[in-house]
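1. Based on what follows, work out the 3D shape:
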Amino acid sequence: MDDNKHNEYPFCLMMKRIFIFCITLAMMVAACSDEEKYSATNTDVLTFSVDTLKMDTVFSTIPSSTYSFWVYNRCDASLLIDRVALEKGTQGFRVNVDGEYLDGELNGVEVRKGDSLCVFVELTAPKCGQTDVQPIGDCLVFNLSHEKQQKVPLRAHQWDADIRDQWDVNGNVTLDSPCPIIIRKGLHIATGAKLTLRSAQLFFHDGAGIDVEGSLQASECLFRGDRLDAMFDDLPYDRVSGQWKGIVLAPNAKGEWTDCVIRNATDALQLGSDAEATLLRTSVHNSSASGIFSKGAHLALTHCRLTNAGGCCLEAKGGSVTVDHCTFAQFYPFSADRGEAFRTIKASVACTHSLMTGYDDLVFSAEGSDLHFSHCMIRSDQPLIGDAFTDIVWEATDDEKGGKSHFRLVDETIQSYDFSLLPTSPAYQLGIGDIRDETTTADP
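-> Predicted structure coming up:
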């Protein structure tokens, strides 16, 4: 073979490789050049995952949860955001755009075609000087390089609150406050002291509660956890049990609740020996442990609703229990090992015109020699016979709805309940249970 011809092969191969490299480089440069070209067409705009970012009600001066939404570029060219800023500069909103905090404004944010950004928003609302809930909002403005402007409204509500770390009551104190009270660590009522609450709303931080050694009197009051936001879109934290510690009456302490709601605690109400507790037209709902647990105390319930507890809605060991026209409904959804609706052990019990029902075949037990139940409806697969039971309607346990048909609403999928008796309920027709005319719900 000719030596000159033989030497041509390496040269051709090298030229071929150089040609391929040049073509590849040209394509890369062209691609980069395309990415650097931002759309000048004002019909090319951003797309947002929300029309309006709706935040929950927040207590003034307390940081909210973090909310987010997405910004998409679904155009055929890259978009350049010249400026991102709050339209009014409302104090309290904090915005992070794709990892960069908005300090007044953010400039030169690129969104390549087919790409997206995530925007995070938090709010610490300043005091507004009003006693009721007030709206607060702004708009997050996106100015594109082709002079198109887009906005995402930010909407929330704020509520001025009386924030207390540890509240100690050492004398006689009366509080009638239209302003919500947030208790971070706890409320303690000393021996010999008395706290009177009227039309008050008490919000307790995780682990906080009320310890009563003296006396507590409450009328038209709300006791609940301090989370106003939601765990999920359809599940507010206020429907989640165990949000705060609950109320403890020490031995010989006294408590009185009239037209009150106690909800979403761990142990809603615990009573020590010889404590005295009176509840009238009061609801105790959604406790992760006990609704009311009494150990040697004296308890009187009239027109009350004790509903949904991880333990028993009512459990009394010793002492005395007087009940009239009350509803005990055990539909706690988070545990198959939930307690009974009504349980007493060696307590003196006088119970009239009351309803005990729930999911399970047995939601009732009473042990002792001083028992008097009359004109009640009790769900049980083992009807009890004896002098302790007079004119009792034993609810059939083959009802697949488990007693839910008594009530206006039992929706365990979103933890939403209204334990008002329906007029079609046999208990309502017999005048058994809490048969107040007005509709009250366990939800906010």
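2. ok, the closest residue in space to residue 137 that isn't next to it in sequence to residue 92 distance?
-> Sequence neighbours aside, residue 155 is the residue nearest to residue 137 in space, at 4.5 Å (criterion: C-beta to C-beta, 6 or more residues apart in numbering). Where you see a C-beta, it was placed from the backbone N, CA and C, and this is true even at glycine. Here the criterion is C-beta to C-beta, to the nearest Å. By it, residue 155 lies 13 Å from residue 92.
3. Show me which of those two is the more surrounded one.
-> residue 92 (18 against 13; other C-beta atoms under 10 Å).
4. Surely residue 90 is in contact with residue 135?
-> No. Counting by C-beta atoms under 8 Å, residue 90 stays clear of residue 135, with 11.2 Å between them.
5. more neighbours, the two?
-> Each of residue 90 and residue 135 has its neighbours counted (other C-beta under 10 Å); residue 90 has more, 16 against 10.
6. What residues does that one make contact with?
-> 136-138 (C-beta atoms under 8 Å, 6 or more residues apart in numbering).
7. So which of those is the closest to residue 282?
-> Nearest to residue 282 among the contacts of residue 90: residue 136, at 33.6 Å, using C-beta to C-beta.
8. Let me see the mean pLDDT of stretch 75-93.
-> Average pLDDT, stretch 75-93: 95.
9. can the contacts of residue 90 go into TSV with extra columns for neighbour count?
-> Output for the contacts of residue 90, formatted as TSV (neighbours: other C-beta atoms under 10 Å):
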residue	neighbour count
136	22
137	18
138	23
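10. Any idea how many residues pack against residue 382?
-> Residue 382, neighbours per other C-beta under 10 Å, totals 10.
11. The one 3 residues further on now?
-> Neighbours of residue 385 under the rule other C-beta under 10 Å: 7.
12. From residue 394, how far out is it?
-> Residue 385 is 10 Å from residue 394, by C-beta to C-beta.
13. re earlier: figure out the helix or strand that the residue nearest to residue 137 lives in.
-> strand 149-159 (DSSP states H and E).
14. What strands line up against that strand, and which way round?
-> Strand 149-159 has its sheet partners listed here by DSSP bridges as strand 53-59 (parallel), strand 134-144 (antiparallel).
15. Show the average pLDDT along that strand.
-> So the average pLDDT for strand 149-159 ends up being 97.
16. What are the contacting residues of the following helix or strand past it?
-> Counting by DSSP H and E, the element after strand 149-159 in chain order, helix or strand, is strand 162-169. Residues outside strand 162-169 that contact it (C-beta under 8 Å, 6+ apart): 59, 61-62, 177, 179-190, 193-195, 214.
17. Show me how to select, in ChimeraX, the buried members of those.
-> Burial among the contacts of strand 162-169 is assessed by 16 or more other C-beta atoms under 10 Å; the matching ChimeraX selection reads:
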select :59,62,180,181,182,183,184,186,187,188,189,193,194,195,214
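18. shouldn't residue 391 be in contact with residue 375?
-> Yes. Counting by C-beta under 8 Å, residue 391 sits close enough to residue 375 to count as a contact (4.9 Å).
19. If you count surrounding residues, which of the two has more?
-> residue 375 (17 against 12).
20. What separation is there between that one and residue 153?
-> 57 Å.
21. mind checking the end-to-end distance for stretch 291-300?
-> 14 Å (C-alpha to C-alpha, to the nearest Å).
22. For it, which residues meet the burial criterion?
-> Buried-residue list, stretch 291-300, by 16+ other C-beta under 10 Å: 291-300.
23. can you put these in TSV and add pLDDT?
-> Output for the buried residues of stretch 291-300, formatted as TSV (pLDDT from 0 to 100):
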residue	pLDDT
291	98
292	98
293	98
294	98
295	98
296	97
297	98
298	98
299	98
300	98
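24. Out of these, which sit inside strands?
-> 292-295, 298-300 (DSSP state E).
25. I'd like to know which of those residues is nearest to residue 422.
-> Using C-beta to C-beta, residue 292 is the member of these that lies nearest residue 422, at 25.0 Å.
26. Contact partners for that closest one?
-> Applying C-beta under 8 Å, 6+ apart, we find residue 292 in contact with 268-271, 277, 284, 299, 306, 313-316.
27. what do you get if the cut-off is 7 Å, keeping everything else the same?
-> For residue 292, the contacting residues are 268-269, 284, 299, 306, 314, by C-beta atoms under 7 Å, 6 or more residues apart in numbering.
28. before we move on, back to that, closest one of the contacts of residue 90 to residue 205?
-> Taking C-beta to C-beta as the measure, residue 205 sits nearest to residue 136 out of the contacts of residue 90, at 22.5 Å.
29. Is the closest one bridged to anything, and to what?
-> residue 156.
30. Pretty sure residue 72 sits against residue 47.
-> Yes. Residue 72 is in contact with residue 47 according to C-beta atoms under 7 Å; the separation is 4.3 Å.
31. could you pull out the helices for this protein?
-> 3-36, 426-429 (DSSP state H).
32. returning to that earlier point: and the contacts of residue 292, which of them are in strands?
-> 269, 284, 299, 306, 314.
33. got the domain boundaries for this structure?
-> The chain breaks down by automatic domain parsing into domains covering 47-158, 162-429.
34. Start and end of the last one, how far apart?
-> Here the two ends of domain 162-429 are set 44 Å apart, with distance taken as C-alpha to C-alpha.
35. quick one: it to chain centroid distance?
-> Centroid separation for domain 162-429 versus its chain: 18 Å, with C-alpha atoms, centre = their mean, to the nearest Å.
36. Output the strand holding residue 155 as CSV, nothing but the C-alphas.
-> Written as CSV, here are the backbone C-alpha positions of strand 149-159 (Å, rounded to 0.1, in the frame of the first residue of the first chain):
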residue,chain,number,x,y,z
GLN,A,149,-47.4,43.0,35.8
GLN,A,150,-49.0,40.1,37.7
LYS,A,151,-50.2,39.9,41.3
VAL,A,152,-51.0,37.2,43.8
PRO,A,153,-53.2,38.5,46.7
LEU,A,154,-52.2,37.5,50.2
ARG,A,155,-55.1,37.3,52.6
ALA,A,156,-55.3,36.6,56.3
HIS,A,157,-57.1,37.7,59.5
GLN,A,158,-55.5,38.9,62.7
TRP,A,159,-56.7,38.8,66.3
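37. Before I go, just wanted to say thanks for your time.
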